[in-house]
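Colleague: coordinates for the following, if possible.
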Amino acid sequence: MKNAIYFLLLIWAVTGCKTNNEQEGETTEANHTGFMSPEFIKKYNQYVYFDTFHKWVNFNYDNYFDLVDPDTGPQGIEVYGLYPLDAENIDWLDTAIESKPVIDEVDREMEMVSKAARQLAKVVNEAKDYYYRENYKDDHFAKAKELHPRLLESFKAYYIAYDAMQGTFMKLQYKMLEADLKGLKKGDGPIRYYLLKNLDQARKIITFIQETPDISTLSLSELNTLFNVFKTSLSDLEESMEHEDRIKEFGMYHGYLESYRSFADNFIVVFRNLKERVEKNDFSYLPTYPNIPDRGTPEKIMKVYKEMFQAYNNLVGRLY
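Modeller: A predicted model of the protein is given here:
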């Protein structure tokens, strides 16, 4: 029962998400009071936990391009630290995509991620075997030079697909966050209440930034107003976390609360970085990895926000 009541992002009705009964023309009570379909919860969880695969993609990207220049390619360089990308994770994603209910917001984008992930896994695993077995000693890095452009293209295609999916996925999460806030009162659980308020305020900051076409014209006074509310809600959360009776609810998983707070602290830092860029009119961004946006950029603050969201998902996913 707790799954249906508490699991953030998994419980409320979302436009475009239909149960099996709906697709057959039937109406259920859940459609009016909240989306509590176990099928939806299972599918959504599978989407959320694909993030594990994505982290290993980033791990491989960082390890490879820390050693190999993207432009010149391998110049007799031994590459260490490539990790096999497990196709089983992609199979689980495909199973989720094909399952019911249909989630119009993200299913199609997930299909594109799956295709790009499968191609990337094939090339990365091939490169991993080549370097791990030290086959470059036999062919004098000929295969390494052939693999390099394939790795470049596969990583690029994957990140394009993943970023497109993340954009639509966040919109879906915004809708669920708003619905969850409407159904939650402070007395139901002060820690979760203030955490949700803080998460929602971060969303408002990001939305304000994204809705300003030219970042150099951002209204700093309005931005500061939103930021002050964010800091207040974070202070309320931290104060609530000092009560042992409230922490007990989270048991051995209370460490995820600290993870959330750490990401919220980082949100403050990247917000200040962005604000300084606007004040100095400095928008000369450094070239960076696609998974590591430059400091003070809208992409950087969005990345931290996603980490905050993931920390909360990890917390309630294990508790409820």
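Colleague: contacts and neighbour counts: CA atoms only from here.
Modeller: Fine.
Colleague: so the residue sitting furthest away from the middle of the chain is in which element?
Modeller: Each residue of the chain has a distance to the centre, and by Cα atoms, centre = their mean the biggest one is for Asp138: 41.1 Å. Under the criterion of DSSP states H and E, Asp138 resides in helix 136-139.
Colleague: what helices or strands is that helix leaning on?
Modeller: helix 142-182 (3 or more Cα pairs under 8 Å, 6 or more residues apart in numbering; DSSP states H and E).
Colleague: contact partners of stretch 299-309?
Modeller: Under the contact criterion Cα atoms under 8 Å, 6 or more residues apart in numbering, stretch 299-309 has outside partners 199, 202-203, 206, 260, 263-264, 266-267, 270-271, 292-294.
Colleague: so for the helix holding Asp138, mean pLDDT?
Modeller: If you average the pLDDT over helix 136-139, you get 95.
Colleague: hey, C-alpha coordinates of that helix in CSV?
Modeller: The C-alpha atoms that make up helix 136-139 are tabulated as CSV, following Å, rounded to 0.1, in the frame of the first residue of the first chain:
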residue,chain,number,x,y,z
TYR,A,136,47.7,-3.7,-30.3
LYS,A,137,51.0,-5.4,-29.7
ASP,A,138,50.2,-7.7,-32.7
ASP,A,139,48.9,-5.1,-35.2
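Colleague: buried stuff in it?
Modeller: By 16 or more other Cα atoms under 10 Å, the buried positions in helix 136-139 come out as Tyr136.
Colleague: mind listing residues that contact that helix?
Modeller: In contact with helix 136-139 (Cα under 8 Å, 6+ apart) are residues Tyr130, Ala142, Lys143, Ala144.
Colleague: pLDDT, neighbour count and distance to Lys248 for the residues you listed - can I get that in a markdown table?
Modeller: A markdown table is the format used below for the contacts of helix 136-139 (pLDDT from 0 to 100; neighbours: other Cα atoms under 10 Å; distance: Cα to Cα, whole Å):
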| residue | pLDDT | neighbour count | distance to Lys248 |
| --- | --- | --- | --- |
| Tyr130 | 97 | 17 | 50 |
| Ala142 | 95 | 14 | 59 |
| Lys143 | 96 | 16 | 56 |
| Ala144 | 96 | 22 | 54 |
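Colleague: what's the closest of those residues to Tyr44?
Modeller: Relative to Tyr44, the closest of the contacts of helix 136-139 is Tyr130; by Cα to Cα it sits at 36.2 Å.
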